[in-house]
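Colleague: based on what follows, work out the 3D shape:
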Amino acid sequence: MANHYYFDIKLKLRDPDAVVLTPALFRSCVLDALDSFFCEEKPTLEIVKFSAQQHRVVFRVPEELHDMTRISIEHISHYQQIPCHFEILETSKSSLDFEKSIEKTLSGLSSSED
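Modeller: You can find the predicted model right below:
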């Protein structure tokens with residue numbers, strides 16, 4: 001059984017209204033970065049969760065591509081010719097769900113205010 005890593009990524013755009021954010025375009029941007037930096041064949045990059053409103057995505061890559069993927073993502077500076085920054089919020093060997101992490105953060109904030 002192949003081992004995988006999950007990445008929770010937030011895309012920060014200079015002009016969010018100037019782009020179309022779709023799972024396919026996001027995936028293509030990351031795959032192009034991998035190809036540009038490492039000249040690797042297009043690896044398996046599976047989108048597990050996507051939110052255009054939050055500019056977030058959780059995707060899964062094979063374990064052997066973890067380091068190359070992390071480095072590539074940190075160096076992406078444009079999305080559809082718009083300056084941007086891809087922020088890696090979390091990586092994990094177990095499945096990630098950014099909606100649960102948001103709920104956990106919000107519940108932690110409300111209990112700390114008590």
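Colleague: where along the protein do the strands fall?
Modeller: Under the criterion DSSP state E, the chain carries strands at the ranges 4-13, 46-51, 56-62, 78-79, 82-92.
Colleague: what is the least confident helix or strand in this protein?
Modeller: Lowest on mean pLDDT, DSSP states H and E among the helices and strands of the chain sits helix 98-112, with a mean of 48.
Colleague: what separation do you get for the most centrally placed residue in the chain and Cys39?
Modeller: Centroid-nearest residue in the chain, with C-alpha atoms, centre = their mean: Ile9, separated by 2.8 Å. Separation of Ile9 from Cys39 (C-beta to C-beta, to the nearest Å): 22 Å. From N, CA and C alone the C-beta is placed, and that goes for glycine too.
Colleague: with Leu65 instead?
Modeller: 13 Å.
Colleague: more neighbours: which of these two?
Modeller: Higher neighbour count among Leu65 and Cys39: Leu65, with 18 against 7, using other C-beta atoms under 10 Å.
Colleague: touching, that one and Phe37? I think so.
Modeller: No: the pair Leu65 / Phe37 is not scored as a contact, 11.9 Å apart, by C-beta atoms under 8 Å.
Colleague: and stretch 5-14, what's buried?
Modeller: 5-9, 11, 13 (16 or more other C-beta atoms under 10 Å).
Colleague: just stretch 80-94 next, same as before
Modeller: For stretch 80-94, a neighbour-count test (16+ other C-beta under 10 Å) marks 84, 86 as buried.
Colleague: can I get it in PDB, CA atoms only?
Modeller: Written as PDB, here are the backbone C-alpha positions of stretch 80-94 (Å, rounded to 0.1, in the frame of the first residue of the first chain):
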ATOM      1  CA  GLN A  80      -2.900  32.900 -13.500                       C
ATOM      2  CA  GLN A  81      -0.300  35.700 -13.900                       C
ATOM      3  CA  ILE A  82      -1.400  37.300 -10.600                       C
ATOM      4  CA  PRO A  83       1.200  37.600  -7.800                       C
ATOM      5  CA  CYS A  84       0.400  35.200  -5.000                       C
ATOM      6  CA  HIS A  85       1.700  33.200  -2.100                       C
ATOM      7  CA  PHE A  86       0.800  29.600  -1.400                       C
ATOM      8  CA  GLU A  87       0.800  29.100   2.400                       C
ATOM      9  CA  ILE A  88       1.200  25.500   3.700                       C
ATOM     10  CA  LEU A  89      -1.000  25.500   6.700                       C
ATOM     11  CA  GLU A  90      -0.500  21.900   7.700                       C
ATOM     12  CA  THR A  91       0.900  18.600   6.400                       C
ATOM     13  CA  SER A  92       0.100  15.200   7.700                       C
ATOM     14  CA  LYS A  93       0.300  11.500   6.900                       C
ATOM     15  CA  SER A  94      -3.300  11.200   8.000                       C
END
